Each structure stands twice: as structure tokens, then as C-alpha cells.
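[1] quick one: sequence plus predicted model below, questions after.
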Amino acid sequence: MSFRHLTDSYAVSPQISPEELPALRAAGFTTIIDNRPDGEIPPPLHTDAMRDAAEAEGFTFVANPVIGGAITLENVHRQRDAIDAASGPVLAYCASGNRSSVVWALASAGRLPTDELIARAASHGYQLEGFRREIDRLAETKA
């Protein structure tokens, strides 16, 4: 299992499995955000199966499927709402952690400087420079 902390309370990872949930609980996470559409993964990892397994472990589980190259404002708002409502650290996952990083940066626009959002993701290999204009726009409008 590999997760990368973008903040003290938000980390991203590639796809997780139900078997990894106890270790994630031991690591202190309280909320799991699934940013992976079901069409990308086999049925044992679909949203409903992951929700059932996560809730059985005591996690809050939020489904927010993000389609690569087609992140919506609804995705941004749902991610922000889930982060804000979390009672402790959040783990968001997708195929590699990249989409979970992008939607986090967009959801965090105006809360941290754009340069810092991009740098935090870049420190873990996620390149968000192409989203700079959108992050800045969201920061200005406080979407």
C-alpha cells in the first residue's frame, strides 16, 4: 500500500483493496474518497463493494468518480465537502493518485496559494502545472 500526504490531513493513493482497509485505519485515516469510476475496475473493487468494506471498518466513505480529462465543478464541490466534513485524515484514491491530487488542488483553490498546491503535488510526482489557470480562476471565484 502506498499513499502520499499532500497535507497533514489529506493523502492520495492508487487503487486500494478491501484487504488494505485495516492498515489504513491503523494509519489514522477516517474518511475514504473513491475518485475511480466503476467502468475502470473489476467488480470486486466497484464503489458499492468498497463502500460496504470501508463502512464495515468504520470509515466514512464518499464516492466522487472523476473521469480523467473531464473533472466537473460538481467533482470539485463534492471533494471539498467531503474534506471539510471529515472527522480526521482523508485518503482519496484513483488509478495512480493523480486525479485525486488534481481534484484536491481544485477543491483547495483559494485556501492555499496556487504555487503551493502545485508544488505539494509535484513533490509526489503529480504534475498539476497544466491546471494553474483553473486553480487561479476557482480561487478568484471561490467556487
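    Looks like it arrived, so ask away.
[2] only the buried residues of the helix or strand of the chain with the lowest mean pLDDT, if you could.
    When the helices and strands of the chain are scored by mean pLDDT, DSSP states H and E, helix 132-141 comes last with a mean of 94. In terms of neighbour count (16 or more other C-beta atoms under 10 Å), helix 132-141 has its buried residues at Glu134, Ile135, Leu138, Ala139. No exception for glycine: its C-beta is placed from N, CA and C like everyone else's.
[3] how far away from the center of its chain is that helix?
    Centroid displacement of helix 132-141 relative to its chain, using C-alpha atoms, centre = their mean, to the nearest Å, is 19 Å.
[4] let's see it as CSV, backbone CA atoms only.
    Taking C-alpha atoms only, helix 132-141 is exported to CSV below (Å, rounded to 0.1, in the frame of the first residue of the first chain):
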residue,chain,number,x,y,z
ARG,A,132,-2.8,26.5,-12.8
ARG,A,133,-5.2,28.7,-14.7
GLU,A,134,-8.2,26.7,-13.5
ILE,A,135,-6.9,26.8,-9.9
ASP,A,136,-6.4,30.5,-10.1
ARG,A,137,-9.9,31.0,-11.6
LEU,A,138,-11.5,29.0,-8.8
ALA,A,139,-9.5,30.9,-6.2
GLU,A,140,-10.8,34.2,-7.6
THR,A,141,-14.5,33.0,-7.7
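[5] quick one: list the elements packing against that helix.
    The contact analysis (3 or more C-beta pairs under 8 Å, 6 or more residues apart in numbering; DSSP states H and E) places helix 132-141 against helix 98-107, helix 114-122.
[6] low-confidence bits of this structure, can you list those?
    Counting by pLDDT under 70, the chain contains low-confidence residues at 143.
[7] could you figure out how far the longest helix seen in it is turned away from helix 98-107?
    Ranked by residue count, the top helix of the chain under DSSP state H comes out as helix 73-85. Interaxial angle of helix 73-85 relative to helix 98-107 (axes from the mean of the first three to the mean of the last three C-alpha atoms, to 10 degrees): 80 degrees.
[8] who does helix 73-85 touch, helix- and strand-wise?
    Counting by 3+ C-beta pairs under 8 Å, 6+ apart, the packing neighbours recorded for helix 73-85 are strand 31-34, strand 60-63, strand 90-93, helix 98-107.
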